[in-house]
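Novice: make a model of this:
(chains A, B, C and D)
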Number of protein chains: 2
Amino acid sequence: MARQKAQPSAPGPDPAPVSLWERLERPAPAPRTTLTPQKIAAAGIRIADTEGIDAVTMRRLATELGVAPMAAYRYVSGKSDLLDLMTDAVYADLKPADDIDNWRDVLRTGALRNREIVLRHPWLIQISSPQVLRALTPNRIAAAERALSSLDGLGLDIDAMMAVVGTVNCYVHGAVSAECAHYLLMQEEGWTTNDDLRTAFAPQMRYLMDTGRYPTYHRYLHDGIHKDDPLWRFETGLDSVLDGIAARMGI
Amino acid sequence: MARQKAQPSAPGPDPAPVSLWERLERPAPAPRTTLTPQKIAAAGIRIADTEGIDAVTMRRLATELGVAPMAAYRYVSGKSDLLDLMTDAVYADLKPADDIDNWRDVLRTGALRNREIVLRHPWLIQISSPQVLRALTPNRIAAAERALSSLDGLGLDIDAMMAVVGTVNCYVHGAVSAECAHYLLMQEEGWTTNDDLRTAFAPQMRYLMDTGRYPTYHRYLHDGIHKDDPLWRFETGLDSVLDGIAARMGI
DNA sequence: ACGGCGGTGTGTACGTTGTATCCATTCGAT
DNA sequence: ATCGAATGGATACAACGTACACACCGCCGT
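Specialist: Now for the predicted structure:
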């Protein structure tokens, strides 16, 4: 007999968009073995971590999973969905630190953990930003919730609370982004030490510095002690930001 | 024979026989400097600004320039080069503000101008970060120099000075990145108001909020006044950061 | 027992992308 | 006037995302 098009929601113009996350949390209808969203996400993350985000193609993903190129499309609607899935899976590692409730410690350790996650998966900052924003994933909202709730009851209105969380997040994102860019550039060019990078940039840098137009910058290149200490720089900036929040918000 | 049709392979029928007469009537040979790196960069920027960075393909670039798809490769070694060129051209707009020397004002207006530039060319945050890092142009070092020199003579060592500049830059990058992501997402989906975005996200947001796991976040969604005021949020965060720097550095 | 039905993976195919390579034309120095 | 170098055009190819139709297979009501 003529086979019928698989179309669960037959009538109606808009078949009630069930979000990816809602589907994820529903118990699997059957213990499907070969392919699950979790396995797909894990495979994608494995490829991205070891070969870079550009190596994550639907075909490469399929070989990693040992299936045909189109198989994964039963579970993700497209590559965009795959990246969402990978992002959320990675942020699942952003576990709460339960034993602290002081707002400053919550935000500080959250920032440090966030940094560690992104450094472990630098491709996170390479995914296009609307993509990341679209992936407002449960795990990331949960992190925001923890930060927000640590600020509750301190006399701040809700806008100020969100401003605090947003400020810290912006700093963290910017800092980690720069750090990853540095790391990815070195990896991309095959450099292994910061000195490799410096020698590669030396000619153009020497030319710029010899113009004498950047004396203070030149002094930093010459005398800076913490040039190669990203953690020091991250924490210094973070503590400044937290100081500023405490001062301006009076908390 | 005198001239022969190029026929490297496929000895089949000639698919497009261009007669001598047709060839004679072909449009006048253009003046020879139709292509320059500047024109190529400008064309790429024009496309990216109006149609998004994904529309910037080598073929689309060629039609924008009115040349054949491969023509631009005489001037850029690949798409990566093209993006470098575009980035460099855009950051030339980052002019100094000469009439202020107070460190706080220098950093603050620099941040606001930086924000404006990126908002004007939101695709800047979409091109991969090592890309941006590699394109360290005189204009960007000059901006750093201005910021650094405004901090000179305040008793800070050079590492602290760079930490201050870096902290502000990280915040600005993170904040502007989030803002652009928001804007790009809306543009990408064809939404024109924030309410369009909210209604689009409503189903999954409702699901997430109905779990009851994010009460404070939910309160923000419900009661937040400045949700749609990105400039307020940017300046609030920026002033916090500057407060923190002043406090921690004692300046 | 059985037949079909929905869910799962496969095979094939198409349009688009970046870019390598070769060809044709034109300009400028001789 | 001529020739080499510079410039733009044409063609081609591999890899990509993904649409579509098919084959399989376990579960169900009968």
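
Novice: check which helix or strand whichever residue of the stretch 101-250 of chain A sits closest to DNA strand D maps to.
Specialist: The nearest approach of the stretch 101-250 of chain A to DNA strand D comes at A:Gln131, 12.1 Å away (Cβ to the nearest atom of the strand). Using the backbone N, CA and C atoms, a C-beta is placed for each residue, glycine as well. Under the criterion DSSP states H and E, the helix or strand holding A:Gln131 is helix A:129-134.

Novice: so which elements touch that helix?
Specialist: If you count contacts as 3 or more Cβ pairs under 8 Å, 6 or more residues apart in numbering or on different chains; DSSP states H and E, helix A:129-134 packs onto helix A:79-91, helix B:158-189.

Novice: turn the ones you listed into TSV, columns for mean neighbour count and distance to A:Trp103.
Specialist: Converted to TSV, the helices and strands packed on helix A:129-134 look like this (neighbours: other Cβ atoms under 10 Å in any protein chain shown; distance: least, Cβ to Cβ, whole Å):
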stretch	mean neighbour count	distance to A:Trp103
helix A:79-91	21	21
helix B:158-189	22	19
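
Novice: report how many residues lie close to A:Thr193.
Specialist: For A:Thr193, the neighbour count with other Cβ atoms under 10 Å in any protein chain shown is 10.

Novice: likewise A:Ile245?
Specialist: Using other Cβ under 10 Å, A:Ile245 has 26 neighbouring residues.

Novice: quick one: it and A:Gly166 touch, right?
Specialist: No - taking contacts as Cβ atoms under 8 Å, A:Ile245 lies outside contact range of A:Gly166: 10.8 Å.

Novice: and A:Ala247, what does it touch?
Specialist: B:Ser240, B:Asp243, B:Gly244, B:Ala247 (Cβ atoms under 8 Å, 6 or more residues apart in numbering or on different chains).

Novice: using PyMOL, define a selection of the buried residues within those residues.
Specialist: Typed into PyMOL, the line below selects the buried ones among the contacts of A:Ala247, using 16 or more other Cβ atoms under 10 Å in any protein chain shown:
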select buried, chain B and resi 240+243+244
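
Novice: now the helix or strand containing A:Ala246 - C-alpha only, PDB.
Specialist: A:Ala246 belongs to helix A:230-249 when assigned by DSSP H and E. The C-alpha coordinates for helix A:230-249 follow below in PDB (Å, rounded to 0.1, in the frame of the first residue of the first chain):
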ATOM      1  CA  PRO A 230      46.100  35.100  32.200                       C
ATOM      2  CA  LEU A 231      44.700  33.900  35.500                       C
ATOM      3  CA  TRP A 232      46.200  36.900  37.400                       C
ATOM      4  CA  ARG A 233      44.700  39.200  34.900                       C
ATOM      5  CA  PHE A 234      41.400  37.500  35.000                       C
ATOM      6  CA  GLU A 235      41.200  37.600  38.800                       C
ATOM      7  CA  THR A 236      42.500  41.200  39.000                       C
ATOM      8  CA  GLY A 237      39.800  42.400  36.600                       C
ATOM      9  CA  LEU A 238      37.100  40.300  38.300                       C
ATOM     10  CA  ASP A 239      38.000  41.700  41.700                       C
ATOM     11  CA  SER A 240      37.900  45.200  40.400                       C
ATOM     12  CA  VAL A 241      34.500  44.600  38.900                       C
ATOM     13  CA  LEU A 242      33.200  43.100  42.100                       C
ATOM     14  CA  ASP A 243      34.600  46.000  44.100                       C
ATOM     15  CA  GLY A 244      32.800  48.400  41.800                       C
ATOM     16  CA  ILE A 245      29.500  46.600  42.300                       C
ATOM     17  CA  ALA A 246      29.900  46.600  46.000                       C
ATOM     18  CA  ALA A 247      30.700  50.300  46.000                       C
ATOM     19  CA  ARG A 248      28.000  51.400  43.600                       C
ATOM     20  CA  MET A 249      25.300  49.200  44.900                       C
END
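
Novice: about what we covered before: out of the helices and strands packed on helix A:129-134, which comes closest to A:Ser177?
Specialist: helix B:158-189 (6.4 Å; Cβ to Cβ).

Novice: show me what counts as buried in the helix or strand following that closest one.
Specialist: Sequence order places helix B:194-210 as the next helix or strand after helix B:158-189, per DSSP H and E. For helix B:194-210, burial by neighbour count (16+ other Cβ under 10 Å) applies to B:Leu197, B:Ala200, B:Gln204, B:Met205, B:Leu208, B:Met209.

Novice: just these that are near DNA strand D?
Specialist: When those are checked against DNA strand D using Cβ under 7 Å from any atom of the strand, none falls in range.

Novice: of those residues, the lowest pLDDT goes to which?
Specialist: Here the lowest pLDDT out of the buried residues of helix B:194-210 sits on B:Gln204, with 84.

Novice: distance-wise, check that residue relative to A:Pro138.
Specialist: 10 Å (Cβ to Cβ, to the nearest Å).

Novice: likewise for A:Leu185?
Specialist: In terms of Cβ to Cβ, A:Leu185 sits 32 Å off from A:Pro138.

Novice: what's the mean pLDDT across the helix holding A:Ala246?
Specialist: Mean predicted lDDT for helix A:230-249 stands at 97.

Novice: next up, phi/psi of A:Ile100, please.
Specialist: phi -130, psi 140 (degrees, to the nearest 10).

Novice: JSON lines for the helices and strands packed on helix A:129-134, including mean pLDDT and distance to DNA strand D?
Specialist: Converted to JSON lines, those look like this (pLDDT from 0 to 100; distance: least, Cβ to the nearest atom of the strand, whole Å):
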{"stretch": "helix A:79-91", "mean pLDDT": "94", "distance to DNA strand D": "4"}
{"stretch": "helix B:158-189", "mean pLDDT": "94", "distance to DNA strand D": "13"}
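
Novice: B:Ile47: which of the ones you listed is closest?
Specialist: Of the helices and strands packed on helix A:129-134, nearest to B:Ile47 by Cβ to Cβ is helix B:158-189, at 14.3 Å.

Novice: could you give me the buried positions within the helix holding A:Gln131?
Specialist: Result for helix A:129-134 [16+ other Cβ under 10 Å]: buried residues A:Ser129, A:Pro130, A:Gln131, A:Val132, A:Leu133, A:Arg134.

Novice: pretty sure the second one contacts B:Leu185?
Specialist: Which is A:Pro130. Yes - between A:Pro130 and B:Leu185 there is a contact at 4.0 Å, judged by Cβ under 8 Å.

Novice: which residues touch stretch A:50-61?
Specialist: Contacts for stretch A:50-61 (Cβ under 8 Å, 6+ apart): A:40, A:43-44, A:47-48, A:69-70, A:72-73, A:79, A:82-83, A:86, A:123, A:126-127, A:187.

Novice: among the residues you listed, which ones are in helices?
Specialist: A:Ile40, A:Ala43, A:Gly44, A:Ile47, A:Ala48, A:Lys79, A:Leu82, A:Leu83, A:Met86, A:Gln187 (DSSP state H).
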